[in-house]
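Enquirer: sequence and predicted structure are below.
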Amino acid sequence: MTVMALDSAAARATSDARPCVLLVDDDAHVLSALRRTLRGEGYDLLTASDGPTAIRLLQQHDVCVLVCDQRMPGMSGVEVLAESVKLRPHAARMTLTGQTDLKSAQDSVNLGRISQFLMKPWDDAHLRTVIREAVGRFGLERQVRELHALTCQQRDELERWNAELEDKVRARTAQLEAAYDETLDALVLALDTREHATAGHSRRVTVYCLYLAQRCGIPATDLENVYRGAMLHDIGKIGVPDAVLLKPGKLDPAERRAIEQHVAMGARVLERVGHLRGALEIPRYHHERFDGRGYLEGRRGPAIPIAARIFSVVDVYDALRSARPYKRPLAHDEALELIAAEGGRQFDPAVIARFREVPGWVWDRLATGADDVDCFADGLELCARVS
């Protein structure tokens, strides 16, 4: 017969806040005696006189301690205990029995995962103590589980916030990089426009340099700085007076010094922009010569950064291939012959060797496509397409 009893109506009203203890025994007198022993301990006491009823109560209530008779008709105590492991894995389980055998004891431990054997007749004080301790452990373990769950929830929340923040940072970084590219493009256009005879020069030498840098083995991680350095190679000319920069005739020594200072001025400009500091090598060193007779530092050979050595070749190549008021544009083979003659003097012979491997039609296509290059990604795409 099914029996479910709570100590009082008030206990029912506060069942969620009070520890729930389930007592299971087929003897009504035993259940009554257990309830009397535990009354006043502050528990919600549930009782069941058979296994199926105990299972239903376990399904319906958050039982923290289960005290179960071992020998019952129908569903045995071991079966009830084993089922409770699935339903309430964190509850404390105890066997209450008047007699037992080794097999039942083993099953209670192995299948029912009991923590106590309670013998009939029991000692009231001992019973209250072991149940009180079990309830206390259950409460502490629940707090640990809840704290762990809260920690996991907060960790997941933090990871979500971090992911959202990273997405926002990436989006903002992309916006800033686009703004940088637009600013660089506008600045370069202004510089090229200022020197009317070299309009489009910066875009062409940039894609030339990017293409040749890849053939010379420059790491992919450094190519963006190569791109920006090439694009801004003459940024220092913003400080050169028009009277000197656009003078049609030969420069006097003072004017020559003013022109030469544009590499130092360009480096100072870029040093002030954190985003562009990695692109300093070409603006600072692109007028150094392999034989050490360049300016401003007189560096020679490998002391000149490889990016600047590459750029110096394509810079002169573009100048030779471009029309000027005082000269005609040279054909590719003519320009190549003049550049090759400067190997070991103005230019790095190893860079010239890589340059000469590239057919003239490749440089022509790069020059044509340079007009549509607005950012580093565009430059990479053009180089890949021409290859």
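Expert: Received the coordinates, thanks.
Enquirer: pLDDT-wise, which helix or strand of the protein ranks last?
Expert: One helix or strand of the chain scores below all others by mean pLDDT, DSSP states H and E: helix 9-13, with a mean of 38.
Enquirer: that one: what's the following helix or strand?
Expert: strand 20-24 (DSSP states H and E).
Enquirer: partner strands of that next one, parallel or antiparallel?
Expert: strand 44-48 (parallel), strand 63-69 (parallel) (DSSP bridges).
Enquirer: need the winner for burial among the ones you listed.
Expert: Compared across the strands paired with strand 20-24, strand 63-69 shows the largest average neighbour count, a mean of 26 (mean count of other Cβ atoms under 10 Å). Just so you know, the C-beta spots here come from the backbone N, C-alpha and C atoms, and that holds for glycine as well.
Enquirer: just how off-centre is that one within its chain?
Expert: Between the centre of strand 63-69 and the centre of its host chain there is 49 Å, according to Cα atoms, centre = their mean, to the nearest Å.
Enquirer: tabulate the CA atom coordinates of it in CSV.
Expert: Extracted C-alpha coordinates of strand 63-69, given in CSV (Å, rounded to 0.1, in the frame of the first residue of the first chain):
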residue,chain,number,x,y,z
VAL,A,63,15.6,13.3,-2.2
CYS,A,64,18.9,13.9,-0.4
VAL,A,65,18.8,10.8,1.8
LEU,A,66,17.2,7.4,1.1
VAL,A,67,16.8,4.9,4.0
CYS,A,68,15.6,1.6,2.5
ASP,A,69,14.7,-1.8,3.9
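Enquirer: what packs against whichever helix or strand comes after it?
Expert: Helices and strands here follow DSSP H and E; after strand 63-69, the next one along the chain is helix 77-87. If you count contacts as 3 or more Cβ pairs under 8 Å, 6 or more residues apart in numbering; DSSP states H and E, helix 77-87 packs onto helix 51-60, strand 63-69, strand 92-97, helix 102-110.
Enquirer: any idea which of the ones you listed is most buried?
Expert: strand 63-69 (a mean of 26).
Enquirer: quick one, that strand and strand 92-97 angle?
Expert: Comparing the axes of strand 63-69 and strand 92-97 via axes from the mean of the first three to the mean of the last three Cα atoms, to 10 degrees yields an angle of 20 degrees.
Enquirer: tell me the average confidence for strand 63-69?
Expert: The average of the pLDDT scores along strand 63-69 is 92.
Enquirer: what residues does that strand touch?
Expert: Residues outside strand 63-69 that contact it (Cβ atoms under 8 Å, 6 or more residues apart in numbering) are 19-27, 30, 34, 46, 54, 57-58, 77, 80-81, 84, 88, 90-97, 112, 118, 131, 134-135, 138-139.
Enquirer: domains for this structure, by residue range?
Expert: The record's domain split for the chain, according to automatic domain parsing, is 9-146, 195-386.
Enquirer: give me the distance from the last one to the chain's centre.
Expert: Just to be clear, that refers to domain 195-386. Per Cα atoms, centre = their mean, the centroid offset for domain 195-386 relative to its chain is 36 Å.
Enquirer: next one: stretch 48-67
Expert: Relative to its chain's centre, stretch 48-67 lies at 49 Å (Cα atoms, centre = their mean).
Enquirer: and for the closest residue to Ile304 other than its chain neighbours, the neighbour number?
Expert: Excluding the flanking residues, the one nearest Ile304 by Cβ to Cβ, 6 or more residues apart in numbering is Glu288, at 4.7 Å. For Glu288, the count of nearby residues is 25 (other Cβ atoms under 10 Å).
Enquirer: now this protein, which segments are flagged as low pLDDT?
Expert: For the chain, applying pLDDT under 70 flags the ranges 1-16, 100-112, 194-199, 325.
Enquirer: from Glu79, how far off is the nearest residue to Ala178 once chain neighbours are set aside?
Expert: Leaving aside its chain neighbours, Ala178 sits nearest to Cys375 (7.5 Å; criterion: Cβ to Cβ, 6+ apart). Per Cβ to Cβ, to the nearest Å, Cys375 is found 73 Å from Glu79.
Enquirer: what count of nearby residues applies to Gln261?
Expert: That count, for Gln261 with other Cβ under 10 Å as the rule, works out to 16.
Enquirer: repeat for Pro329
Expert: 12.
Enquirer: what's the separation between it and Leu45?
Expert: 103 Å.
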